[in-house]
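Undergrad: quick one, structure for this:
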Amino acid sequence: MLENIGLIVASFTAIYGVNEWRRQLKGRREYELAEEVLTLVYDCRDRLRSIRSPFSHTGEGSTRKADTNETPEQTELLNRAYIVFERYEQHREVFAELFALRYRFMAVFGKEAAEPLEKLRQSLNEVFVSANMLPTYWLRQGRVQMGEEEFERHLKEMHEHESVFWGTFSERDHFNEKIEGLVSEIESVCSKIIRPEPVWQRCRELMARRDNG
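TA: Prediction:
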């Protein structure tokens, strides 16, 4: 009987040890993933600011392959819009590394938690869309005769694309505010794993909820 009890105790001890090892392994993997994603998000945020910087130097955008039928004016405007693509190439690997993790992030933390990463990818694409659209507006500006209503629509759409294409310093940058909001959402998910709140604080919150009803 004692041998049987000893065997049962040993079995339970072994099972508990395996389960505890699995919990620790799972916790370590979650921590490493959260830390890696959050670090890359901070890095990509700063790189996106650099890509959208309104300051450029001579020769930026000139790596674009120009069409033989372009006028010098067209080449200048098209090269100006190409600057963001040229800059992105310098940072492509970091963005690719972050976006490649979003499916793993989704599998570990849930689909809802990974949505800000997808929105961040979509926001980067918005910059590229605006870069492709702006030369058309710039080339029409002051060169194509338009009615008052059409001209107002033209200006509105052009300014909307420019607000995505260029970052600003003298006024509110709504695109950057959106990016900061997405960063905060990702930070909120990752911080719960990287910097969990103290047990005493959690207990106090639970007690407060109980007292409030």
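Undergrad: helices of the protein, start to end?
TA: Using DSSP state H, the helices of the chain run over residues 2-51, 72-100, 102-109, 111-140, 148-165, 174-194, 199-211.
Undergrad: dump the ones you listed into TSV; add distance to residue 65 and mean pLDDT as well.
TA: To be clear about C-beta, it is placed using only N, CA and C from the backbone, and glycine gets the same treatment. Below are the helices of the chain laid out as TSV (distance: least, CB to CB, whole Å; pLDDT from 0 to 100):
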stretch	distance to residue 65	mean pLDDT
helix 2-51	20	70
helix 72-100	10	95
helix 102-109	32	93
helix 111-140	14	95
helix 148-165	21	94
helix 174-194	28	92
helix 199-211	58	49
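Undergrad: hang on, residue 162 packs against residue 133?
TA: No: judged on CB atoms under 8 Å, residue 162 makes no contact with residue 133 at a distance of 10.0 Å.
Undergrad: between the helices of the chain, which gets nearest to residue 63?
TA: Between residue 63 and the helices of the chain, the shortest gap by CB to CB is with helix 72-100, which sits at 5.6 Å.
Undergrad: now do that closest one: which elements does it pack against?
TA: Helices and strands touching helix 72-100, by 3 or more CB pairs under 8 Å, 6 or more residues apart in numbering; DSSP states H and E, are helix 2-51, helix 111-140.
Undergrad: buried residues in it?
TA: Neighbour counts using 16 or more other CB atoms under 10 Å place 77-88, 91, 95, 98-99 of helix 72-100 among the buried residues.
Undergrad: same question for stretch 32-51.
TA: When burial is assessed from 16+ other CB under 10 Å, stretch 32-51 yields the following buried residues: 33-34, 36-38, 40-41, 44-45, 47-48, 51.
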